[in-house]
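S.K.: dropping the sequence and predicted coords here.
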Amino acid sequence: MVKSKKIGIIICDRYRNYAGGKCFRAMKNHEGAFSIYDNDTNLELVGYTTCGGCPGGNIEYTPEEMIKNGVEVIHLATGFVVGYPPCPYINHFKQFIKNKYNIKVVVGTHPIPQKYFLTHTKLETWNTPEWQRIINPTLCDEKTRLAYD
């Protein structure tokens with residue numbers, strides 16, 4: 001029996017022109033934050049939109065539409081954490097969606113690209129235990145990070 005999971009992705013509005021290639025590749029290959037799903041689980045993209053810009057106007061109603069279209073898990077895209085500065089609302093978004101809509105929310109989609117990893121390491125952006133927890137689902141080995149540069 002083939003397992004299936006319907007996914008919704010919300011991206012940071014600063015990347016509103018992003019075509020989604022890295023997110024979709026990671027979803028197809030079960031890499032980055034999509035590695036939480038068994039390899040035999042078919043991941044189906046059901047919704048894809050932006051947060052609506054700071055402070056995240058779409059966060060209030062977009063999950064409801066996604067859920068109506070069958071979304072079972074919402075991923076907040078990796079762009080929220082790799083952009084500079086990282087999204088200061090990411091934890092608020094996650095908690096709001098989880099609590100209001102009673103749906104699983106995952107921070108991250110594709111693996112963190114190496115160029116962003118190096119920049120944020122140098123800037124010490126992610127040095128706190130909170131940021132380490134946030135980036136953990138998308139923090140892969142160097143070979144994988146380079147493949148997403």
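M.R.: Here it is on my side, so go on.
S.K.: helices and strands around the lengthiest helix in the chain, which ones?
M.R.: Longest helix of the chain, by residue count under DSSP state H: helix 90-101. Here helix 90-101 touches helix 62-68, strand 73-76, helix 79-82, strand 104-107, helix 129-135, going by 3 or more Cβ pairs under 8 Å, 6 or more residues apart in numbering; DSSP states H and E. Just so you know, the C-beta spots here come from the backbone N, C-alpha and C atoms, and that holds for glycine as well.
S.K.: and it, which residues are buried?
M.R.: Neighbour counts using 16 or more other Cβ atoms under 10 Å place 90, 93-94, 96-97, 101 of helix 90-101 among the buried residues.
S.K.: now do stretch 31-50
M.R.: Buried, per 16+ other Cβ under 10 Å, within stretch 31-50: 31-35, 37, 43, 45-50.
S.K.: which regions of the protein sit below the pLDDT cut-off?
M.R.: For the chain, applying pLDDT under 70 flags the ranges 1.
S.K.: hmm, back to that, hmm, who's touching the longest helix of the chain?
M.R.: Where contact means Cβ atoms under 8 Å, 6 or more residues apart in numbering, the residues beyond helix 90-101 that reach it are 10, 51, 56, 59-60, 63-64, 67, 74, 76, 80-81, 87, 103-105, 107, 130, 134.
S.K.: circling back: and the buried residues of helix 90-101, which is closest to Asp149?
M.R.: Using Cβ to Cβ, Ile90 comes nearest to Asp149 of those, at 22.5 Å.
S.K.: and the residue nearest to Glu31 when sequence neighbours are not counted, how many neighbours?
M.R.: In this structure, Glu31 finds its nearest non-sequential neighbour in Pro111, 5.7 Å apart by Cβ to Cβ, 6 or more residues apart in numbering. When neighbours are defined as other Cβ atoms under 10 Å, Pro111 has 27 of them.
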